[in-house]
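> model this:
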Amino acid sequence: MKSTNKLSFYLSRMAARGYTAAQVLAGTSLSAERIHSDAFRANPQQYRQVILNMIELTDDPYLGIALGAEFKISDLGVLGYAALSAATLGQAREVFTKYYSLNEQIFTSINHISDGRWWSEIRDSYMLGGDALRFAVEEFISRTIELTGSITNKPFPILEIFLTYPAPDDLSAYRKRFNCPLHFNQPRNIVVFDINCLKDPVSLANAEVFKLCERQCQLLATKSEEDDLLANRIRNYLVKNPGKFPTLEEMAEHLNIGARTLRRRLVRENVTFQQILDDTRRELAIQYLKYTTLTPKQIGFMLGYSSVSNFRRAFKNWTDKKLSDFREGSQPTQSAQSPQPQ
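Below is the predicted model of the structure:
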């Protein structure tokens, strides 16, 4: 019961609309065969290109909402069945969080509870930017509605949505799908839920099935970690935790291994911890410059540099270009560095 990776899901839904894999994957250097392989993982550029291809092919600015509504619990494999057999929506959420590595994510979320409301901030860790970000945010919210509704067999209300991008000319698709107050041009992308919904019972709750499925999730997650290169796990951690660049010792502690073991295993993978840090910093710097309006000082801070001059020198060494020259002519998107909406 393997989950469907995100690009495989996109290919399937676009095929139902009459589009070929070649059309959807144009400009990514990917093939359908590679995407369907167990070890496949798309990078941020490939995600962005596929999303933009789909929007252009369909000429549908609300495609993210539609695809989110087409996502089924079975697309999550055994993780979906674990959620479907949980006692409550809260327990289903806990298993999703615990085994997040089994569910492909292009966002990170920061959650907190305030005044009986569950605030979930959607962070664009892949720096999709522009139309691709809008698509991904709307798909994520629409998919959340679909999955929670299928688990509890009742509507899942959204209380409010805050979005960083401008309001479209036609809001009918938003009102129909989300049915809540919408706030555009906001500092951050935030979805507000009723915390009491976590107490909702799951319609097909079964304690024995849940235990079995959770055990299978645990085995799959362990196997995934064992099969994955350690360098990839470190890169994924750095991408999904912007601003956090741990020392080798801190990374080893996060991975529950010794620092000497971490060095030794990376040597076997023909890479050093410093090379992983530098490569990830370079990639994130390029994404921040192309798809945000963050200043060089802000970007340098997020990449762990003590001064903007150190960041400028590092970027020049990476790309042989000045920061200003690289950013010139780009189409930046709204910065995410702003306070919580009130």
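> So, low pLDDT: which residues of the stretch 151-300 of the chain?
224-228, 242 (pLDDT under 70).
> now the strands for it?
Taking DSSP state E, counting those that start in this stretch as the criterion, the stretch 151-300 of the chain carries its strands at 158-162, 182-183, 189-194.
> Most tightly packed of the ones you listed?
With neighbours defined as mean count of other C-beta atoms under 10 Å, these peak in mean count at strand 189-194, which reaches a mean of 20. From N, CA and C alone the C-beta is placed, and that goes for glycine too.
> neighbouring contacts of that one?
With contacts defined as C-beta atoms under 8 Å, 6 or more residues apart in numbering, strand 189-194 is touched by 116-124, 137, 141, 144, 157-164, 340-341.
> Can you identify each of the strands in the stretch 1-150 of the chain by residue range?
Using DSSP E, counting those that start in this stretch, strands in the stretch 1-150 of the chain cover 108-114, 117-123.
> If you average pLDDT over each of the ones you listed, which is lowest?
With a mean of 80, strand 108-114 has the lowest mean pLDDT of those.
> then it to CSV, C-alphas only?
The C-alpha trace of strand 108-114 is given here as CSV (Å, rounded to 0.1, in the frame of the first residue of the first chain):
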residue,chain,number,x,y,z
THR,A,108,6.2,23.1,6.2
SER,A,109,3.6,24.2,8.6
ILE,A,110,3.8,26.1,11.9
ASN,A,111,0.8,25.6,14.2
HIS,A,112,-0.4,27.3,17.3
ILE,A,113,-3.6,27.5,19.3
SER,A,114,-5.2,30.8,20.2
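> Quick check: buried residues in that strand?
Residues 108-109 are the ones in strand 108-114 that count as buried (16 or more other C-beta atoms under 10 Å).
> and what of stretch 36-44?
So, applying 16+ other C-beta under 10 Å, buried residues of stretch 36-44: 42, 44.
> and it, average pLDDT?
Stretch 36-44 comes out at a mean pLDDT of 77.
> what about it, how long is it end to end?
18 Å (C-alpha to C-alpha, to the nearest Å).
> Now list the buried members of the contacts of strand 189-194.
Buried among the contacts of strand 189-194 by 16+ other C-beta under 10 Å: 118-122, 124, 137, 141, 144, 158-164.
> between the residues you listed, which is nearest Phe40?
Asp124 (21.9 Å; C-beta to C-beta).
> Contact partners for the closest residue to the closest one other than its chain neighbours?
Nearest non-adjacent residue to Asp124, counting by C-beta to C-beta, 6 or more residues apart in numbering: Leu133, 5.5 Å away. Contact partners of Leu133, counting by C-beta under 8 Å, 6+ apart, are 124, 164-165, 291, 333.
> how close does Leu133 get to Tyr47?
Separation of Leu133 from Tyr47 (C-beta to C-beta, to the nearest Å) stands at 11 Å.
> which residues sit in contact with Ala42?
Going by C-beta under 8 Å, 6+ apart, Ala42 touches 5-7, 30, 35, 50.
> any idea how far it lies from Cys217?
From Ala42 to Cys217 the distance is 22 Å (C-beta to C-beta).
> One more: Arg134?
32 Å.
> Same question for Lys297.
Taking C-beta to C-beta, one finds Lys297 at 42 Å from Cys217.
> do Gly90 as well
Taken as C-beta to C-beta, the span from Gly90 to Cys217 is 17 Å.
> of the two, who's got more company?
Between Gly90 and Cys217, counting by other C-beta atoms under 10 Å, Cys217 is the more crowded of the two (24 against 14).
> How is the chain divided into domains?
Following automatic domain parsing, one finds the domains of the chain at 6-207, 229-327.
> end to end, how far does the first one reach?
Distances were taken as C-alpha to C-alpha; on that basis the terminal residues of domain 6-207 are 29 Å apart.
> Now find how far off-centre that domain is within its chain.
9 Å (C-alpha atoms, centre = their mean, to the nearest Å).
> Next, count neighbours for Met14.
Met14 has 22 neighbours, counted by other C-beta under 10 Å.
> Is it correct that it is in contact with Leu57?
Yes. The pair Met14 / Leu57 is scored as a contact, 7.2 Å apart, by C-beta atoms under 8 Å.
> Can you pull the residues that touch both of those two?
The contact sets of Met14 and Leu57 overlap at 23-24 (C-beta under 8 Å, 6+ apart).
> Looking at the domains of the chain, which is nearest to Thr222?
Closest approach to Thr222 among those (C-beta to C-beta): domain 6-207, 10.0 Å.
> For the stretch 101-250 of the chain, just list every one of the helices.
Along the stretch 101-250 of the chain, counting by DSSP state H, counting those that start in this stretch, helices occupy 130-152, 172-178, 207-227, 230-240, 248-254.
> among the domains of the chain, which is nearest Lys223?
Using C-beta to C-beta, the domains of the chain put domain 6-207 closest to Lys223, at 10.4 Å.
> For stretch 73-84, buried residues please.
Those would be 73, 75-84, for stretch 73-84 by 16+ other C-beta under 10 Å.
> and of these, the nearest to Leu266?
Leu79 (29.5 Å).
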